[in-house]
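> Curious how this folds, go ahead:
(one chain, ligands or ions: 1)
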Amino acid sequence: MDEDRLIDLRSDTVTRPTPGMRRAMAEAEVGDDVYGEDPGVNALEERVADLFGHEAAMFVPSGTMGNQIGMRLVCEPGQEVLCDADAHVVTYEMGAAAAIFGISTRTVVSAGARLDAQQLIDQVRPKDDWHLTATAAVAVENSHNRGGGLVQPLDQLQKLWNWSREAGVAVHLDGARIWNAASASGVELSTYGRLADTASVCFSKGLGTPVGSVLVSSAERIATGRLWRKRLGGGMRQVGVLAAACTYALDHHLDRLAEDHEHAQLLAKRLGVDPSSVETNMVVLDGVDAPVLAEAAKAQGVLVSQVSPRRIRLVLHLGVDRAAVERAADVLAELLDR
Ligand SMILES: Cc1ncc(COP(=O)(O)O)c(C=O)c1O
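Okay, the predicted model is just below:
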């Protein structure tokens, strides 16, 4: 099938830069960012720090690097980060916390990946008991990828944060899709940002850039983060071409996320999925023969993601317009006999 006719619902990472974004990239003023001289990167970092109510920010090539450096800044080797069992940081980041930083991770199985602050708090291990691996940080994901794009409840985030201040445990936010969470919940980005010590946010998912994430935190932590980024080979030079894409995305793609969420609702309704289970830009089909459905859909030009042998995930993004949503719904509804 002609590649342009494919409807790619596998992920929101598959978007291509739009003509406007490409122009912004082509026209970007650049400098050497390892010298701190790229004006576009500096402006982006300042803007994102401000958006999330933090002192400082650092541009990184990927969400994985943002998460891993973020966790390292609040956790020493030999200590642990606690998170839910389906978190991206322990599922899809290739054991980086252990492999690179000597950080131990421990997980709790939460209902549908929804944050239950008390459940995490109950598992935290103290720092002053020499029998135990100390829990230095808790990591939270919002929206939650394997949770089907669910938005974490603000009261639970607030409860975790209040507790963490007393307990001396840090909070890291994997905010790869925090934009979607904010768009769906109406909660300000700065509110989410202020409930975390370190937060990694991505531009290469729903916001549609080819590359780029930003880590926000205190000025002191970000200064140390720059050392880790360089050690990991993430010190980039005339990277303003990428920062320009991110700035363009903030200006032009943030407000349109609601459209992806509407498309997800539409798809859910057409496929008999409970619309209340769809909180942002993802639709989960449970109890299906995933390999068979994925293959049959592909044959008709619709690409879907197999999360498990019985689960398919459909992700809406700026590369899928209303007409494509309707065509995908027709194809999938027929295959599912719904
Ligand atoms: C929730 C979440 N966090 C982090 C990442 C990592 O981002 P990257 O692929 O840029 O490393 C992803 C990627 O899809 C993600 O879904």
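
> So for the residue of the chain found nearest the ligand, what's the pLDDT?
Going by CB to the nearest ligand atom, the ligand is nearest to residue 63 of the chain, at 2.5 Å. In this view, the C-beta of every residue, glycine as well, is placed from N, C-alpha and C. Note for residue 63: predicted pLDDT of 98.

> Could you count how many residues lie near it?
By the other CB atoms under 10 Å criterion, the neighbourhood of residue 63 contains 28 residues.

> Quick check, it in contact with residue 203.
No. Between residue 63 and residue 203 there is no contact under CB atoms under 8 Å: 9.2 Å.

> what residues are shared contacts of these two?
By CB atoms under 8 Å, 6 or more residues apart in numbering, residue 63 and residue 203 have these common neighbours: residue 213.

> where do the helices sit along the protein?
19-26, 39-51, 63-74, 88-91, 96-101, 117-121, 154-167, 178-185, 189-194, 219-231, 240-252, 257-270, 290-299, 322-336 (DSSP state H).

> Mind listing residues that contact stretch 295-312?
Contacts for stretch 295-312 (CB under 8 Å, 6+ apart): 1, 5-11, 146, 284-291, 293-294, 313-315, 327-328, 331-332, 335.

> What of stretch 243-258?
17, 20-21, 24-25, 27-28, 38, 40-41, 43-44, 47, 51, 59, 179-180, 183, 203, 206-212, 214, 280-281, 318.

> Kindly report the same for stretch 15-29.
Residues outside stretch 15-29 that contact it (CB under 8 Å, 6+ apart): 39-40, 208-210, 240-245, 247-249, 252, 317-319.

> Dump the helices of the chain to TSV, plus distance to residue 127.
TSV is the format used below for these (distance: least, CB to CB, whole Å):
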stretch	distance to residue 127
helix 19-26	45
helix 39-51	28
helix 63-74	12
helix 88-91	21
helix 96-101	17
helix 117-121	15
helix 154-167	9
helix 178-185	28
helix 189-194	24
helix 219-231	18
helix 240-252	37
helix 257-270	39
helix 290-299	43
helix 322-336	49
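
> excluding its backbone neighbours, what's nearest residue 211?
Excluding the flanking residues, the one nearest residue 211 by CB to CB, 6 or more residues apart in numbering is residue 242, at 5.2 Å.

> thinking again about what came up before, need the contact list for the residue of the chain closest to the ligand.
Counted by CB under 8 Å, 6+ apart, residue 63 has contacts 88, 174, 176, 200, 202, 204, 205, 213.

> now do residue 77
Counted by CB under 8 Å, 6+ apart, residue 77 has contacts 101, 102, 103.

> pretty sure the last one is in contact with residue 81, am I right?
Yes. If you go by CB under 8 Å, residue 103 and residue 81 touch, sitting 6.0 Å apart.

> What distance do you get for the residue nearest the centre of the chain to residue 55?
Compute the mean C-alpha point of the chain, and by CA atoms, centre = their mean the closest residue is residue 176, 1.7 Å away. Noted for residue 176: a distance of 22 Å to residue 55, by CB to CB, to the nearest Å.

> Can you pull the residues of the stretch 201-338 of the chain lying near the ligand?
Those residues of the stretch 201-338 of the chain that sit near the ligand, judged by CB under 6 Å from any ligand atom, are 202, 204, 213.

> distance of the first one from residue 143?
Shown here: residue 202 relative to residue 143, a distance of 11 Å by CB to CB.

> between these two, what contacts are shared?
residue 177.

> ok, the nearest residue to residue 72 once chain neighbours are set aside - contacts?
Among residues not flanking residue 72 along the chain, residue 101 sits closest, at 4.8 Å (CB to CB, 6+ apart). Residue 101 sits next to 68, 71, 72, 75, 77 when contact means CB under 8 Å, 6+ apart.

> ok, the third one touching residue 231?
Going back to what we said before, that points to residue 72. No. Look at residue 72 against residue 231 with CB under 8 Å: they stay out of range, at 10.2 Å.

> List only those of the contacts of stretch 243-258 flagged as buried.
Buried by 16 or more other CB atoms under 10 Å: 17, 21, 24-25, 28, 38, 40-41, 44, 47, 51, 59, 179-180, 183, 203, 206-212, 214, 280-281, 318, out of the contacts of stretch 243-258.
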